[in-house]
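**Student:** Any chance you can model this:
(one chain, ligands or ions: 1)
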Amino acid sequence: MTLEPINKKEILFPEYSGTNESLLFLLNKTSQILCKWFSDSKELGPLPIDNNFKCSVPDEYGISTDTLFSEIESLIYSSFNPVHPGSLAHLDPPPLIISILGDLIAAVLNNNLLAHELSPSISQLEESICKWFCTKLNFAESAGGIAASGGTLSNLNALVAARFYAGLETNQNAVFLTSEDAHSSFLKCSRIMGLGPKSLIKVKSDNNGCMDIVDLKNTINKCHREGKKIFSIVATLGTTIRGAVDPIKNISRICKENNIWLHIDGSIGGIFAITKIPIKEINKVNCANSITINPQKILGITKTSSILIVSDMEVLKNTFVTKIPYFSSENNFLNRGELGIQGSRPAEIIKLWLGLRLLGMQGIDKVLSTSIEKKKFLEKNLNNKIYDLCSGPLHIISFLPKGMNKNESDKWTLDKSRILMNNKFMLSRPMFKNRYYLRAVLGNYNTSKFHINELLKLLN
Ligand SMILES: Cc1ncc(COP(=O)(O)O)c(C=O)c1O
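**Tutor:** Modelled structure (predicted):
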């Protein structure tokens, strides 16, 4: 078989000398397409109306970058657009511009957080930013952290460390507790950890969606009677459906009395704890053994961006260090691929660092507090004679007309979502306590009171 000669020009790597004209040309062209897509969002709305995207797969000869650009455009124009002010469905806000650059810089550097020698400055950066979070959250000197690609992985890192710390790695009676409103990914964690489905024990939530302390105590006693070994209690700081905050102080006291690792899933609300925004119990997070913080979910740091803070770094080291044999570390630098589940890891810390640096505490405060103000505005003006409203102190609200059963809620939320989408508003439709709700997440900085008033006209 004879192959057509491939066009050498299309095998593009950056030049190590010269002017890198091809790269500059392609970056420029890509920037123009992306910026136009942002601006076209006003007309297009949150989701593409016709999804015309045809997925093309690689062929024998490859294609030119010119052809590729038409495919790139098709991909982009068939994507969800988080920048549109009607994008209020999920915890996926518009990206901070500086964070977009952070992703670009990370890709250009192509460093690897697996090892210090593959990312000398960025390993240091990650350590410093984690330490900065520890200080902001008032953890002790022994604290530190590790970044991971998303909240599920940060929570998993915490649970694996907690089980190791309790000496229960191979114990099939090992269990952990969350509230019934905790995120569904904890079930995934229990499967990955080789635990049966019964190892994740759900504690009841009260009427406000917070972990019920009486039921927590009863559950712990029941576990003791049945010979189950609790290696962690997970408190949620910001539940997914209504943004409720579990009673951290009481849970922490119970954990201390029973010598159990307290993990806080702050995937949604953890970032609020570095500010002075008044949220009950949020300044108590330093009583935990670990906390997940996920700046991708509200601050506009592009996905993925998550860190796990632990009160004692020695536990992470003891749990995960395997001494990778092919890295020689001078000066005893710790390879950060040895502090969590992930090995090779991109430099996601760059975009978080840039976002935090550029915003400063005042900017962070503004992005977070305006999201809560907008939620309160929507909550106050949604007709509470019509709706049951479920919302905690954060920027999330779920609602449903009073008295509906499951089938009625299914139909109402479907019909309403369609009407909203025709008016360029995208809300989500979570299943919660056996009924469907509409949920609005007010973390979109581009959404103003004007937009919320337009939304209210469609709801009241
Ligand atoms: C409270 C909570 N924890 C954990 C997660 C999982 O985070 P990720 O999707 O970043 O893995 C989510 C996702 O929405 C969440 O809401």
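
**Student:** Show the contacting residues for Ile397.
**Tutor:** 242-243, 375, 378-379, 382, 389-391, 439-440, 442 (C-beta atoms under 8 Å, 6 or more residues apart in numbering). Where you see a C-beta, it was placed from the backbone N, CA and C, and this is true even at glycine.

**Student:** List buried residues within those.
**Tutor:** For the contacts of Ile397, a burial check counting by 16 or more other C-beta atoms under 10 Å picks out 242-243, 375, 378-379, 382, 389-391, 439-440, 442.

**Student:** mind listing which of these are in helices?
**Tutor:** 375, 378-379 (DSSP state H).

**Student:** now, which of those residues lie close to the ligand?
**Tutor:** Among these, no residue lies close to the ligand (C-beta under 6 Å from any ligand atom).

**Student:** mind putting those residues in TSV, distance to Ser31 included?
**Tutor:** As requested, these are exported to TSV (distance: C-beta to C-beta, whole Å):
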residue	distance to Ser31
Lys375	34
Leu378	35
Glu379	39
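
**Student:** so which of these comes closest to Asn207?
**Tutor:** Closest to Asn207 out of these is Glu379 (16.2 Å), distances taken as C-beta to C-beta.

**Student:** quick one: contacts for that closest one?
**Tutor:** By C-beta under 8 Å, 6+ apart, the neighbours of Glu379 are 389, 391, 397.

**Student:** mind checking pLDDT for it?
**Tutor:** At Glu379, the pLDDT value in this model is 98.

**Student:** now it: how far from Ser398?
**Tutor:** Using C-beta to C-beta, to the nearest Å, Glu379 is found at 11 Å from Ser398.

**Student:** go on, Phe176?
**Tutor:** 26 Å.

**Student:** In this protein, what residue lies closest to the ligand?
**Tutor:** Gly151 (2.7 Å; C-beta to the nearest ligand atom).

**Student:** Give me the neighbour count for the closest residue to that residue other than its chain neighbours.
**Tutor:** The spatial neighbour of Gly151 that comes closest, neighbours along the chain excluded (C-beta to C-beta, 6 or more residues apart in numbering), is Ser267 at 3.5 Å. Neighbourhood size, Ser267 [other C-beta atoms under 10 Å]: 29.

**Student:** Repeat that for Ser121.
**Tutor:** 11.

**Student:** my guess is it is in a strand, correct?
**Tutor:** No. Ser121: not assigned to a strand; according to DSSP: H, G, I helix; E, B strand; the rest coil it is helix.

**Student:** so Phe333 makes contact with Ser121?
**Tutor:** No. Using C-beta atoms under 8 Å, Phe333 makes no contact with Ser121, being 11.8 Å away.

**Student:** sorry, back to before: can you tell me which two in the contacts of Ile397 are farthest apart?
**Tutor:** Gly243 and Leu382 (15.1 Å).

**Student:** With only the CA atoms kept, save stretch 393-405 in PDB.
**Tutor:** Extracted C-alpha coordinates of stretch 393-405, given in PDB (Å, rounded to 0.1, in the frame of the first residue of the first chain):
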ATOM      1  CA  PRO A 393     -27.800  30.800  52.700                       C
ATOM      2  CA  LEU A 394     -26.000  30.400  49.400                       C
ATOM      3  CA  HIS A 395     -26.900  31.300  45.800                       C
ATOM      4  CA  ILE A 396     -29.100  28.300  44.900                       C
ATOM      5  CA  ILE A 397     -32.900  28.100  45.000                       C
ATOM      6  CA  SER A 398     -35.200  25.200  44.000                       C
ATOM      7  CA  PHE A 399     -39.000  25.700  43.700                       C
ATOM      8  CA  LEU A 400     -42.200  24.000  42.700                       C
ATOM      9  CA  PRO A 401     -45.900  24.900  42.800                       C
ATOM     10  CA  LYS A 402     -47.400  23.800  46.100                       C
ATOM     11  CA  GLY A 403     -49.100  20.500  46.500                       C
ATOM     12  CA  MET A 404     -47.900  18.700  43.400                       C
ATOM     13  CA  ASN A 405     -47.200  15.000  43.300                       C
END
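
**Student:** buried stuff in that stretch?
**Tutor:** For stretch 393-405, by 16+ other C-beta under 10 Å, it's 393-400, 404.

**Student:** quick one: common contacting residues for Glu379 and Ser398?
**Tutor:** 389, 391.
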